[in-house]
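**Q** Turn this into a structure:
(4 chains)
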2 protein chains.
Amino acid sequence: MRGEPLDAETIVSATEEMLRRHGPEKTTVLDVARQLGVSHGSVYRHFASKAALREAVIRRWLDQARDELAAAAHNSELPPAERLRTLLTTMFATKWAKAREDPELFATFRVLAAEHSTVSSGHVGFLIAQVRDIVSDGVASGDFAAREPEVLARAVLNATSRFHDPTHAAEWHSPETEADAAAVVALILDGLRTR
Amino acid sequence: MRGEPLDAETIVSATEEMLRRHGPEKTTVLDVARQLGVSHGSVYRHFASKAALREAVIRRWLDQARDELAAAAHNSELPPAERLRTLLTTMFATKWAKAREDPELFATFRVLAAEHSTVSSGHVGFLIAQVRDIVSDGVASGDFAAREPEVLARAVLNATSRFHDPTHAAEWHSPETEADAAAVVALILDGLRTR
DNA sequence: CGACTGACAGATTTCAATATCTGTCAGTCG
DNA sequence: CGACTGACAGATATTGAAATCTGTCAGTCG
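**A** Have a look, this model is predicted:
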C-alpha cells in the first residue's frame, strides 16, 4: 500500500504536526498513526511508548533551539561582558518571539518539557556551559572578578530565569519586560566585572 | 438561635479554615455557612461574591506576611549590603519554610494569589519599596553605585524571583536551592556596590 | 524473515444526566 | 427595622456508563 519504509524521524514529524494541530492532551498515538496511514502497532515498533514518542519530539525541539542559539552567539571578537549580554538578550528575544508568535504551540512545548524534565535539564546544562565558557574567558582576561565560573554561570541563569524560563511566559506580555530584563542584565554584568 | 452578631472577620476565619481543610476547589460558600451554622445568604450579606470572600482571605494572609517580614528586617545599624542580604534571605527562608511545612496550604495560597493578582501586585509593591529603601540608603552613604533606586529595586526582585516567587515552589525542594540563592545574592550585591 | 496489521485487556477519557453551587430576593422572626 | 432564612434560576461540578486510547502480540503478507 505504501512504498516507503516508515522510520522514526517520519513518525516524530507527524507527531509534531498533530501536537501543533490538536495540542498535547488531544494528540493520541492513534491520531499519529492515522496521519501516517498506518496502524498504531507500527508506531510502537519504533517507540516503546507514547511517552518515548513525546520525548523524541521535545528533544528535537530543544536540539533545534540549541543550534539556533549557538549560531546567533558566536561573536568571539567582542569583550566578554558584551558577548554575555548578547547571549542573554538573544536567548530572551528568541523565546519571547516564539511565545508571542504561537502561544498554543509554546504551551504545548511547555507541557512536553515539564513531562520530560531529564531532557530539559540537559538543555539547561547546555545553557550553563555556554555562559560558563564566556565567564571563564572573562576571568582569564581579567575583565571579570576571579571566582568559580560554574557557580557564576548558574547564578547568571538563575538570576535571569524570569526572562527565559517558560514558566514565566505569561509575564512576557507585559511591556515592562524588556526594560526589566535590561536592568537585571546590567546589574549582573556589574556584579561580574573586576572591581 | 445564636447570640453573636456574625461579622466579616468571623466569616474570613471560617473560610480560611475550610480552605485549609478542603483546598480551594472544594471550599464552597455553602461549606463556610455550614461551618458557621448560618445560611449562605448571611455570608452574602457581608461579601458581594465568593471572589470577594476569597480576596479577603488572601489579603489577610499577605498582610500577615508583610508584618512578619517588616518585623524581621529591621537592623538599621548594619551596612546597606548586609541589610539587603538579610532582607532577601529572610524573605526566601520564610517562604521556603511555609512551602515545606504545609505544601497543600501553600498551594491553596498560590491559587488565591493568582486569582486576585491585584492584591498580589500590591504585595510585590511593598517588597519593592522595602528593597528600594535600603538601596536608597546605600546610594546616599556611597556604599552602592549611584543609580535609580526604583529600577535597582525591581532588578533585585526580578533577579531573585526564582527564590521567592511561589511559581517556583516545586524547585525549592532541591538541596542546591540554598547555595544557588546565596550565589545570586552575592552576585547582585557585587553589582550594586560602588566600584 | 521482517514490516505491518488488527483484535484484545485494562486504563483513561468523554458525555449527558444529575446533583450541587452561586447569587438574588421576597419573606420570617425577634 | 435589620439580621437572617430558604426557595429559586442559571451556572458549575459530579458521576457512571459508553467510547476511545495505550500497549501487547499472534498472525498476515510480500
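**Q** buried residues in stretch A:8-27?
**A** With burial defined by 16 or more other CB atoms under 10 Å in any protein chain shown, the residues of stretch A:8-27 counted as buried are A:11-12, A:14-16, A:18-19, A:24, A:27. (C-beta placed from N, C-alpha, C; glycine too.)
**Q** same question but for stretch A:187-195, I mixed them up
**A** Of all the residues in stretch A:187-195, those buried under the rule 16+ other CB under 10 Å are A:187-193.
**Q** can you give me the helices for chain A?
**A** Secondary structure of chain A by DSSP state H: the helices cover A:8-22, A:29-36, A:40-46, A:50-72, A:80-101, A:103-115, A:117-141, A:149-159, A:161-164, A:177-192.
**Q** what would those look like in a markdown table with distance to DNA strand D?
**A** What follows is the helices of chain A, written out as a markdown table (distance: least, CB to the nearest atom of the strand, whole Å):
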| stretch | distance to DNA strand D |
| --- | --- |
| helix A:8-22 | 10 |
| helix A:29-36 | 3 |
| helix A:40-46 | 4 |
| helix A:50-72 | 3 |
| helix A:80-101 | 26 |
| helix A:103-115 | 12 |
| helix A:117-141 | 17 |
| helix A:149-159 | 33 |
| helix A:161-164 | 30 |
| helix A:177-192 | 31 |
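**Q** Now mean pLDDT and distance to B:Asn75 too, for those, in TSV please.
**A** Supplementary listing: the helices of chain A in TSV, determined by pLDDT from 0 to 100; distance: least, CB to CB, whole Å:
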stretch	mean pLDDT	distance to B:Asn75
helix A:8-22	98	53
helix A:29-36	98	60
helix A:40-46	98	62
helix A:50-72	96	43
helix A:80-101	97	34
helix A:103-115	98	40
helix A:117-141	97	33
helix A:149-159	98	24
helix A:161-164	98	28
helix A:177-192	98	23
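**Q** For stretch A:165-174, C-alpha coordinates in CSV please.
**A** Taking C-alpha atoms only, stretch A:165-174 is exported to CSV below (Å, rounded to 0.1, in the frame of the first residue of the first chain):
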residue,chain,number,x,y,z
ASP,A,165,12.1,30.2,31.9
PRO,A,166,8.9,29.2,30.0
THR,A,167,7.1,29.1,33.4
HIS,A,168,7.1,32.9,33.2
ALA,A,169,5.8,33.1,29.6
ALA,A,170,2.6,34.8,30.7
GLU,A,171,4.5,37.7,32.2
TRP,A,172,6.4,38.3,29.0
HIS,A,173,3.4,40.0,27.5
SER,A,174,3.9,43.0,29.9
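**Q** contacts for that stretch?
**A** With CB atoms under 8 Å, 6 or more residues apart in numbering or on different chains as the contact definition, stretch A:165-174 has outside contacts at A:95-96, A:99-100, A:103, A:106-107, A:109-110, A:113, A:161-163, A:177, B:161-162, B:167-168.
**Q** May I see the ChimeraX selection of the buried members of those?
**A** Typed into ChimeraX, the line below selects the buried ones among those, using 16+ other CB under 10 Å:
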select /A:95,96,99,106,107,109,110,113,161,162,163,177 /B:161,162,167,168
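**Q** which residues touch the residue in chain A that DNA strand C sits nearest to?
**A** Of all residues in chain A, the one sitting closest to DNA strand C is A:Gly41 (2.3 Å; CB to the nearest atom of the strand). Applying CB under 8 Å, 6+ apart, we find A:Gly41 in contact with no residue.
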